[in-house]
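>>> Just the structure for this:
(chains A and B)
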Amino acid sequence: MIRALGIALVFWGGLSQAQAPSDGMALLRKIYLATEKLSYTGTFVYQQGDRTETSRITRVTGPGGDIERVEVLDGMPREIVRTRDTVRCYLPESQTVKVERRVDQRAFPGLLPEQISDLMRNYDITRGKTLRIAGYDCESVVLTPKDDLRYGYKLWADANSGMLLKARTFNRKGEIVEQFTFAQFAIGNVSRDQARTRHSVQSWRIEDAAVAPANLARAGWSVNPALPGFRRVAEVTRMLGEARPVGQMVYSDGMAAVSVFIEPVAGRAETVRPGLSSLGAFHIYTREVANHIVTVVGEAPAASVQRIANTVEFRQPQ
Amino acid sequence: MKSKISALVDGELERHEAEEALEALGTEGLARDTWRAYHLINDSMRDTRLLSSGFAARIAAKLADEPTVLAPRARPILQRRSWQALSVAASLAAVAFVVSVAFYPQDGPVAVAPVAPQALNTAPQAETAQVAPPEAADDYLLAHQGYSPRNSLQGMAPYVRTVSSEARAGRR
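So this is what the prediction gives:
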């Protein structure tokens, strides 16, 4: 009897293992919908290496459009506010506001619900252990990469609302690369005013990114992502900083994203140091191609960022 | 002074206090020894690989021996051509044109030379130079962030990621 029970348990265990991916997918979809729909306020901590930074987040959805505002409370003050088609980054110390407006139809291209299932090509998606975070019982989903080209992710979401309350990025050794954790969180009871900036910016310098769709291939540039699962999701020209025109191509596997920036060497005051720099989950790799500086910025392991950077080529258009 | 230096190592000083502490560090002596000691403690606590003793002195001596190269990097063709491009752009006065022209190398056939396709390396390149993040790193991160699929799961939270003040300091 006991043996039969044991076999039944093993069988049941195997069965629930087999069901795990779809369970994980269901939780990802729930998180996605909660991110779209919920109005909330909260305080979260961002950790990377030995650095911790607290920020306050406010989001209001509903008629009149969604507004979301993040204020960084530690270190250099800054505030980011997103409306449907515009992101503004306020930097009070330099009295600068950086503005980015979207030109394409999709307000802000992100992960789409149908793409969530595409994630299974590059990640094993399983359910993790439940955990209590900021007073909420959370369910978790783990995205374990199938290769070394991307990081893994562990996400914890409120079992009721689906709100993501903790997100961890880990490398192939299982070490934490960076982590976001809510310390305090409340759904609802947010007025639109709370999501607006307090800064009056009349006298501030405005840096408009002037994003425009582009075809950099026609200009002679080619990038072969050479990374399985990564495809191009955006190709634009834009201004960077005060007024430096750059081309930007973005590649993504649905979770990780890598941007390739291309700009002329001429006119750059700063000397450019080719090489790799690491900033937590980000790697930045710089090299020179045909009198242009290629800067590849990615939320991916160094080798992946370098691989993309090394395939950037220029051929004189015919 | 010791506690000041400890706070400086941890990045906890106000600007005027930090300047004072840095001034003290400017001269060899107890302050600088304390600075080194605290960093050593930090490194060992964080399991950072330690440099051999006297490393800084040896590097300084080697640098002093290096000849100073005064010749600037030659790029005369490029400069002349970009002026031509600029005057054309000015006469057209079209922003769109400036942007598109910026992505065409301006030096004609010369551009073909550096295009040699790079070998695809699968392993992390050990010989890659580790450099401080570029001056405009925060601008790149901000420009990149708008396209990160994580926004769909996490909203604006990932936007808080910028170059830390330590990395910024390391650039100087």
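>>> Poorly predicted segments of chain B, please.
Counting by pLDDT under 70, chain B has low-confidence residues at B:10, B:27-28, B:38-57, B:63-127, B:164-172.
>>> let's see 50
By pLDDT under 50, the weakly predicted segments of chain B are B:69-99, B:101, B:105-125, B:172.
>>> Then chain A?
For chain A (pLDDT under 50), the answer is A:1, A:9-20, A:105, A:107-109.
>>> Show me where it has its helices.
Applying DSSP state H to chain A gives helices spanning A:2-37, A:113-116, A:302-309.
>>> what helices or strands is the last one leaning on?
With contacts taken as 3 or more CB pairs under 8 Å, 6 or more residues apart in numbering or on different chains; DSSP states H and E, helix A:302-309 sits against strand A:257-264, strand A:275-279, strand A:282-289, strand A:292-298. Every C-beta, even on glycine, is put in place using the N, C-alpha and C of the backbone.
>>> again, 6 Å this time
On a contact count with 3 or more CB pairs under 6 Å, 6 or more residues apart in numbering or on different chains; DSSP states H and E, helix A:302-309 meets strand A:282-289, strand A:292-298.
>>> Which of those strands sits closest to chain B?
Of all those, strand A:292-298 sits nearest to chain B, with 4.8 Å by CB to the nearest CB.
>>> How far away from the center of its chain is the closest one?
18 Å (CA atoms, centre = their mean, to the nearest Å).
>>> Any part of that strand near chain B?
Yes - using CB under 6 Å from any CB of the partner chain, strand A:292-298 reaches chain B at residue A:297.
>>> Give me the contact list for that strand.
A:258-265, A:272, A:283-287, A:305, A:308-309, A:312, B:140, B:144 (CB atoms under 6 Å, 6 or more residues apart in numbering or on different chains).
>>> do that again at 8 Å, thanks
Here strand A:292-298 makes contact (CB atoms under 8 Å, 6 or more residues apart in numbering or on different chains) with A:256-265, A:268, A:272, A:282-288, A:304-306, A:308-309, A:312, A:314, B:103, B:105, B:134, B:140-141, B:144.
>>> Would you mind writing the CA trace of that strand as PDB?
Presented in PDB, the C-alpha positions along strand A:292-298 are these (Å, rounded to 0.1, in the frame of the first residue of the first chain):
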ATOM      1  CA  HIS A 292      31.800  55.400 -36.600                       C
ATOM      2  CA  ILE A 293      31.500  54.500 -33.000                       C
ATOM      3  CA  VAL A 294      29.400  51.400 -32.300                       C
ATOM      4  CA  THR A 295      28.100  51.100 -28.800                       C
ATOM      5  CA  VAL A 296      26.200  48.000 -27.900                       C
ATOM      6  CA  VAL A 297      24.200  48.200 -24.700                       C
ATOM      7  CA  GLY A 298      22.600  45.000 -23.500                       C
END
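>>> Partner strands of it, with direction?
Strand pairing for strand A:292-298, determined by DSSP bridges: strand A:257-264 (antiparallel), strand A:282-289 (antiparallel).
>>> Hmm, residue A:281 and residue A:299 touching each other?
Yes - with contact defined as CB atoms under 8 Å, residue A:299 counts as touching residue A:281 (5.1 Å).
>>> More neighbours: those two, which one.
The residue with more neighbours, out of residue A:299 and residue A:281, is residue A:299; 29 against 23, by other CB atoms under 10 Å in any protein chain shown.
>>> Need the strands paired with strand A:292-298 in TSV (columns: mean neighbour count).
Formatted as TSV, the strands paired with strand A:292-298 follow (neighbours: other CB atoms under 10 Å in any protein chain shown):
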stretch	mean neighbour count
strand A:257-264	26
strand A:282-289	22
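>>> For residue A:207, find the nearest of those strands.
For residue A:207, the closest of the strands paired with strand A:292-298 is strand A:257-264, at 15.4 Å, according to CB to CB.
>>> the inter-axis angle of that closest one versus helix A:302-309?
40 degrees (axes from the mean of the first three to the mean of the last three CA atoms, to 10 degrees).
>>> List the residues that contact the closest residue to residue A:74 other than its chain neighbours.
Leaving aside its chain neighbours, residue A:74 sits nearest to residue A:53 (4.6 Å; criterion: CB to CB, 6 or more residues apart in numbering or on different chains). Listed by CB under 8 Å, 6+ apart, the contact partners of residue A:53 are A:45-47, A:72-75, B:160.
>>> Residue B:6 in helix, strand or coil?
helix (DSSP: H, G, I helix; E, B strand; the rest coil).
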